[in-house]
Structures are given as C-alpha cells and as structure tokens.
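Undergrad: Need coordinates for the following:
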Amino acid sequence: MTHTSKTHFARSMRTASVKYREFAIDPAPCHYPDHSETQSSTAISSRDFLKWWRWESIEATCQPRCGGCRCRNCQPGAKEMTLAEEREMELVRNGLTYTTGDDHSTEPHWHAKYPWTEDPVTLPKNKKAVEATFLRTERQLSKEPEWKKAYTAQIHEMVNNRAAIKLSEEVLQNWTGPVWYICHLIAPNPHSVSTPVRLVWNSSQKYKGLSLNDILIKGPDVLNPIRAVLLRFQTGVYAALGEIRKMYNSVWLEDQEVHLHRFLWHNSEDSKIEDYAITRVNIGDKPAGCIAQVAMRETSNLPSFSYFKKEKRAGRCLRR
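TA: Numbers count the residues shown, from 1 in each chain. Predicted structure coming up:
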C-alpha cells in the first residue's frame, strides 16, 4: 500500500493517532463448541505508525512539505535536503580544498576548514582545565599498567602517522590566532585483548559554559539510507563489502583548526607536560562525519579519475 499525496498521508496520520482494536476470529466451523471466538487488541501510536510508514513506502512516497516554509525544515521540490541543510552543506563543501602536496604531505590530500557558527576567537583559554583533566586521566592509567601501555601506544601511533604533532616553542610563541585544548579520556574496551582501552577525544567538554562543538555546524546526514542500500543489495547477483582505513584521518586540518585542537601529553610522569595538536579531522568533532563523507564523494568527482573506467564505476557506487 502506497499513498502518494499529502492528503492521504495526513488522513493516515489522523487514523494512526486513534487507538483501535483488532479482532481475530477462529476460522474453525461454528458447530464445534471447543472452538470459541478469540479476541486480541493492538494499540498503535503515531510514532509506531511513522516507523512502519517509512519502511512500507520505501522510495515510493513523497515527503510532506508545506507551501511557504518558515521552519526551514521542509524539503523544497524533490530535493533530499532542507534549505538549512543545503546551506550547511555548502559551508562544508566550500571549506574543503584539494591539493597535490604541501608542507603537511607530499601526497595528494584534502584540507578542511571547519564550518563555524561564530568566530572561534570567542573561545576562552581552557588550558588549565584540560591540564587538570589530563592529570586525572594519568592517575587512572598509573593504576593499570596494561591500560597505560595501550593508551600510550595510541598516542605514539597518531604522532608517527602525523595525525598529531608536538608543537615547538617557536610555533607556540608565533601563533596569534585562537587556541583551544581538547581533553582525551579513557574508554575501556573489555572485548579486545590487544587494546583494553581506547583513547577518545571530548570536543564537547565545556569551559565557562562553552565547548568547541557548541560553535560548530554539524552539517547534513550524507550517509546512504540503509533502506536504499538494502534495496540495491538485492538487485544484483554479486555484492562487495569494503571499508576506508582511517577515513577521518584522511582529511587534514587548516592551521587555525590545528591550533583549536591542541592537547597535552608527556611520556612519563617525571617529564614536562608538552603541547601537541591534532592535524587531521577529529572523530569527536560535530561536523567530522559530514566532512569525511563529502571529501570522499568529491574525490570520486576529481578530473584525475574521469579517464579510468574502474575508478569511475567505484565513484558512482560511492555517490549512490
């Protein structure tokens, strides 16, 4: 059953808002006294109906939308995004720059400038608060030698892969732009033998009522809808499954964003706490998912791939 008009959709919603009773009569002949009428009832809420509706009307019904949009949540025409989401998408796309090589890396890569809701110069200086969090984390690690070993290895891996760098005194003194420190925390990982804990970044930690994520735009959800993926999966004879290794770390940060992702670290409790910085898109940041997805899709649109048949086919799969 598929309703294709707003009127039918609204009528169905009104019906769903009313609880109804469903009767099921035993199909056995009436002259058998042992088979009596059975009765059951089902209560359906509007939320349950909407969930069912989305699955029942896969790729077959238009989205409800009003004529004069004031809420900015309505989708114009047959577009997949709202007006607000389109503006956010444009900010994310305009913040991406493709380069064949620079001071960060001699290999081709993307640079990302984050979409801000306000100028990050408004962020307060939070180094002391992050230092207190770091010392608390260090005390936790000192009680669990295996945790500390795994945690330290993850920091070293980031530095070795240039996903993080140690900032020199010269860089610290010469930088005149905004600065923000990100705290890193312990996330126990009991299901893994090799990695008992994981390092996580908390970009939502507030200081004086403000966090980094508070002034960042998330961007629209550009992941392929699972319903569409399942439908396409059933149309072909063969299916392939793969993943992009370190997908978020594939996009480098601009200089300003690097200094807005400083963190504290030292290899031993006796050494001085030093300033480091994340140089790639950080998974804890609000727009990270959108930036990584858009960069992946824009890569498939690059002219350098337009002459290769297999690469073009792979690009079409990524964009679907």
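Undergrad: When you work out contacts or count neighbours from here on, use the C-alpha atoms and nothing else.
TA: Fine.
Undergrad: Nearest residue to residue 206 in space, ignoring adjacent ones along the chain?
TA: Distance criterion Cα to Cα, 6 or more residues apart in numbering; nearest residue to residue 206, sequence neighbours excluded, is residue 212 at 7.8 Å.
Undergrad: which residues touch the closest residue to residue 260 other than its chain neighbours?
TA: Closest residue in space to residue 260, ignoring its immediate chain neighbours: residue 180 at 4.4 Å, by Cα to Cα, 6+ apart. Applying Cα atoms under 8 Å, 6 or more residues apart in numbering, we find residue 180 in contact with 123, 124, 125, 126, 127, 212, 259, 260, 261, 262.
Undergrad: so the third one makes contact with residue 179?
TA: Right, residue 125. Yes. The pair residue 125 and residue 179 passes the contact test of Cα atoms under 8 Å, sitting 7.1 Å apart.
Undergrad: quick one on the thing from earlier: tell me who's in contact with the residue nearest to residue 206.
TA: Residue 212 touches 123, 180, 203, 204, 205, 206, 285, counting by Cα under 8 Å, 6+ apart.
Undergrad: If I look at the second one, what pLDDT would I see?
TA: Pointing back at residue 180 there. We have a pLDDT of 98 for residue 180.
Undergrad: gap between it and residue 207?
TA: According to Cα to Cα, to the nearest Å, residue 180 and residue 207 sit 10 Å apart.
Undergrad: and if you look at the first one?
TA: Note on residue 123: its distance to residue 207, by Cα to Cα, is 9 Å.
Undergrad: neighbour count winner among those two?
TA: Higher neighbour count among residue 123 and residue 207: residue 123, with 18 against 15, using other Cα atoms under 10 Å.
Undergrad: Just the buried residues from the contacts of residue 180, in PyMOL please.
TA: To isolate the buried members of the contacts of residue 180 in PyMOL, using 16 or more other Cα atoms under 10 Å:
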select buried, resi 123+126+127+212+259+260+261+262
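Undergrad: Identify, from the contacts of residue 180, the entry nearest to residue 135.
TA: residue 127 (12.2 Å; Cα to Cα).
Undergrad: Quick one: residues contacting the nearest residue to that closest one once chain neighbours are set aside.
TA: Leaving aside its sequence neighbours, residue 127 sits nearest to residue 181 (Cα to Cα, 6+ apart; 5.9 Å). Neighbouring residues of residue 181 by Cα under 8 Å, 6+ apart: 126, 127, 130, 260, 261, 262, 263, 264.
Undergrad: Now the phi/psi pair for residue 181, please.
TA: phi -110, psi 140 (degrees, to the nearest 10).
Undergrad: so where is the stretch 51-200 of the chain shaky, pLDDT-wise?
TA: Residues of the stretch 51-200 of the chain that meet the criterion pLDDT under 70 lie in 53-80.
Undergrad: What ranges does it have for its helices?
TA: Secondary structure of the stretch 51-200 of the chain (DSSP state H, counting those that start in this stretch): helices located at 83-94, 127-142, 145-160, 169-174.
Undergrad: so how many other residues sit close to residue 51?
TA: With other Cα under 10 Å as criterion, residue 51 counts 10.
Undergrad: again, but for residue 102
TA: With other Cα under 10 Å as criterion, residue 102 counts 10.
Undergrad: Please give me every residue in contact with the residue nearest in space to the middle of the chain.
TA: Taking Cα atoms, centre = their mean, the centroid of the chain lies closest to residue 289, which sits 3.3 Å from it. Applying Cα under 8 Å, 6+ apart to residue 289 gives the contacts 248, 283.
Undergrad: try 10 Å this time
TA: Residues near residue 289 by Cα atoms under 10 Å, 6 or more residues apart in numbering: 218, 219, 220, 221, 222, 223, 247, 248, 281, 282, 283.
Undergrad: try residue 92
TA: 86, 112-116, 217-220, 287-288, 290-292, 294-295.
Undergrad: Let me know how buried residue 88 is, in neighbour terms.
TA: So residue 88, with other Cα under 10 Å, has 19 neighbours.
Undergrad: Could you find the closest non-adjacent residue to it?
TA: Spatial nearest neighbour of residue 88, chain neighbours left out: residue 219 (5.1 Å); criterion: Cα to Cα, 6+ apart.
Undergrad: Please indicate which of the contacts of residue 289 are buried?
TA: 218, 219, 220, 222, 248, 281, 282, 283.
Undergrad: And those residues, which is closest to residue 189?
TA: residue 283 (17.5 Å).
Undergrad: Look up how far residue 302 lies from the nearest residue to that closest one once chain neighbours are set aside.
TA: Leaving aside its sequence neighbours, residue 283 sits nearest to residue 248 (Cα to Cα, 6+ apart; 6.5 Å). Note on residue 248: its distance to residue 302, by Cα to Cα, is 19 Å.
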